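In: What would the 3D arrangement of this be:
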Amino acid sequence: MRSPLPSGPRPRRFRWLPYALGAALIVVVGFGLRPKPALVETARAAFGPLRATVSEEGKTRIKQRYVVSAPVSGELRRIPYKPGAEIVANETLVAVIDPMPASPLDARNRALATARKNSATTLLEKTRTSHELAKSELRRIEQMFASRTVSPQDLESAQMRETAAAREVAAAEGTLRQAEAELAESPATAGTAAPAPVEVRSAVSGRVLHVFQESVRVVTQGTPLVELGDPADLEVVVEMLSRDGAAIAPGARVELEQWGGPLALAGRVRLVEPAAFTKISALGVEEQRVNVVVDITTPLAQRQSLGDNFRVEARVVLWENPRVLKVPSAGLFRRGTAWAAYVIRSGRARLVPVQAGRTSGTETQVEAGLQEGDEVILYPGDRVHDGQRVAPIEV
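Out: All right, here's what the predicted structure looks like:
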C-alpha cells in the first residue's frame with residue numbers, strides 16, 4: 001500500500017516567477033510602443049574656403065570697332081574681302097569708288113536753264129531799280145526830317161522800304177547765281193575724261209568683321225562699306241540685375257565658363273555702367289538691368305577660338321575667404337527675424353540660434369552659434385522640433 005502524502009503548505013521557491021514575467025512583458029511592450037527616432041539628413045559644421053558669387057550670361061564684343069564709309073558718291077567696285085580677312089593699316093585697299101561724272105544738260109533742259117537765267121537777270125535789274133528809288137526817297141525824307149517838316153513815323157516807313165528793297169536785291173542775286181550754275185554744265189563736257197577713282201584704305205590693323213556692300217553698285221557719300229576690328233582685343237558684356245550690379249566693384253575677379261573651351265577664362269570687372277535699363281524677361285517680367293564690362297586677362301594663346309558676340313557664363317566673385325566656419329545652407333532657416341538651426345546632441349534635436357554671414361548659395365558662413373564639428377540637421381521642415389529623438393542617415 002502507498003503511504004499517504006504529507007499534508008502542509010506548498011514550497012514558495014517559484015512564486016515570484018509570474019511577477020517577473022509580467023514585468024518583463026511590460027518592459028518589452030513599453031520599448032515596442034516607444035516612438036522611433038526620426039531619420040534626418042545631417043552635415044557637420046567645418047572650416048573651409050567660401051566665396052559669394054553672382055552668375056549671369058554674357059557675350060563677347062570687340063572693344064574698338066571701325067566702320068569704313070564711302071568718302072564720295074560714285075560706283076563702288078566689288079569688294080574682294082570676306083569676314084575674317086586680315087588687313088594692315090594704311091596698306092590694305094579696302095574699296096575703290098569711281099566718282100560719277102556730272103550729267104550734261106540736254107537741249108530742253110538747257111533752254112529751260114537759259115530762260116531761268118534771263119528771268120533772274122530781269123528780276124535783279126528790277127529790284128536794283130526799286131532799291132535805288134527807295135534810297136533816294138530815304139535821303140529826301142531824312143532831309144525833310146532834319147528841317148522838322150515830316151514826322152518820325154514817315155522816316156521809319158522810308159527806312160523800312162529801303163531795307164526791304166535791299167533784301168529783294170540780295171534774293172534776286174542768289175536766284176541769278178543758281179541759274180548760272182545750272183547753265184554752266186554744257187553738252188561739251190560729256191566727252192571729257194572721267195574723274196580718277198578714289199581708293200579707300202584701312203586706317204587700322206585687324207580683320208574684316210562685316211561687309212555691308214559687297215557687289216558693284218552706286219553708293220552715296222557716307223554709305224557704310226565694311227566693318228573692321230581686332231578679334232584678339234575682346235571684352236565681355238554681362239547684363240546683371242541692378243541690385244547685383246550695385247554690389248559689384250571695379251576690379252572684382254570674374255570666371256568665364258561655358259565658352260567652348262575646357263578651362264574657365266579669367267577676367268576682371270572694368271566698368272559697371274552708371275545707367276540701368278528695363279528688360280522683359282522670358283517670363284514677361286520687367287527687370288532693371290545694368291551692363292557690367294569685363295576685361296579678359298587669360299592670354300590669347302588659350303582662347304584663340306573665342307570670337308566676337310560669343311556667349312559665355314560669367315561668375316563674378318563678390319567676396320571670398322580661404323577659411324571660415326560654414327554649413328550647408330539647407331541647415332539654416334528663419335525663426336522670426338533671426339537665423340536658427342537644429343543640432344544633434346545626445347541623440348536629440350536641439351534648436352540653436354545662429355548668426356549667419358556670407359553665402360555662396362549652397363553654403364553659408366556661420367559667425368556665431370555653432371562650433372566646428374556640430375552635426376546640423378538638413379531640411380528640418382515641420383517634422384523636427386526641439387528635443388525630438390533623431391537619428392542621422394547617410395546622404
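
In: quick one, domains of the protein?
Out: 38-48+324-393, 54-61+231-321, 74-100+196-229, 107-191 (automatic domain parsing).

In: First-to-last residue distance for the second one?
Out: The separation between the terminal residues of domain 54-61+231-321, taken as CA to CA, to the nearest Å, is 16 Å.

In: repeat for the first one
Out: The first and last residues of domain 38-48+324-393 sit 10 Å apart, counting by CA to CA.

In: remind me, longest helix of the chain?
Out: For the chain, the helix with the greatest residue count under DSSP state H is helix 107-146.

In: Check which helices and strands the helix or strand following that helix is in contact with.
Out: Downstream of helix 107-146, the next assigned helix or strand under DSSP states H and E is helix 152-183. Contacting helix 152-183 under the criterion 3 or more CB pairs under 8 Å, 6 or more residues apart in numbering; DSSP states H and E are the following elements: helix 107-146. Heads up, the C-betas are built off the backbone N, CA and C, glycines and all.

In: buried set for the helix it packs on?
Out: 110, 113, 116-117, 120, 123-124, 127-128, 130-131, 134, 138, 141, 145 (16 or more other CB atoms under 10 Å).

In: For the stretch 251-395 of the chain, give me the ranges with low pLDDT.
Out: By pLDDT under 70, the low-scoring segments of the stretch 251-395 of the chain are 394-395.

In: Please enumerate the strands of it.
Out: Secondary structure of the stretch 251-395 of the chain (DSSP state E, counting those that start in this stretch): strands at 253-257, 265-272, 277-280, 286-296, 311-328, 333-335, 338-345, 348-359, 363-368, 375-378, 390-393.

In: Show me which residues of the last one are buried.
Out: Neighbour-count burial for strand 390-393, with 16+ other CB under 10 Å as criterion, is recorded at 390, 392.

In: Can you work out which other helices and strands pack against it?
Out: Counting contacts by 3+ CB pairs under 8 Å, 6+ apart, strand 390-393 is packed against strand 38-44.

In: Past the strand it packs on, which element shows up next along the chain?
Out: Following strand 38-44 toward the C-terminus (DSSP H and E): strand 46-62.

In: on contacts alone, who are the packing partners of that following strand?
Out: Packed next to strand 46-62, using 3+ CB pairs under 8 Å, 6+ apart, are strand 234-241, strand 311-328, strand 348-359.

In: follow-up on the earlier one: other SSEs contacting the longest helix of the chain?
Out: Applying 3+ CB pairs under 8 Å, 6+ apart, one finds that helix 107-146 contacts helix 152-183.

In: Measure how the helix it packs on sits relative to helix 107-146, angle-wise.
Out: Counting by axes from the mean of the first three to the mean of the last three CA atoms, to 10 degrees, helix 152-183 lies at 160 degrees to helix 107-146.

In: buried ones in helix 152-183?
Out: 155, 158, 161-162, 165-166, 168-169, 172, 175-176, 179, 182-183.
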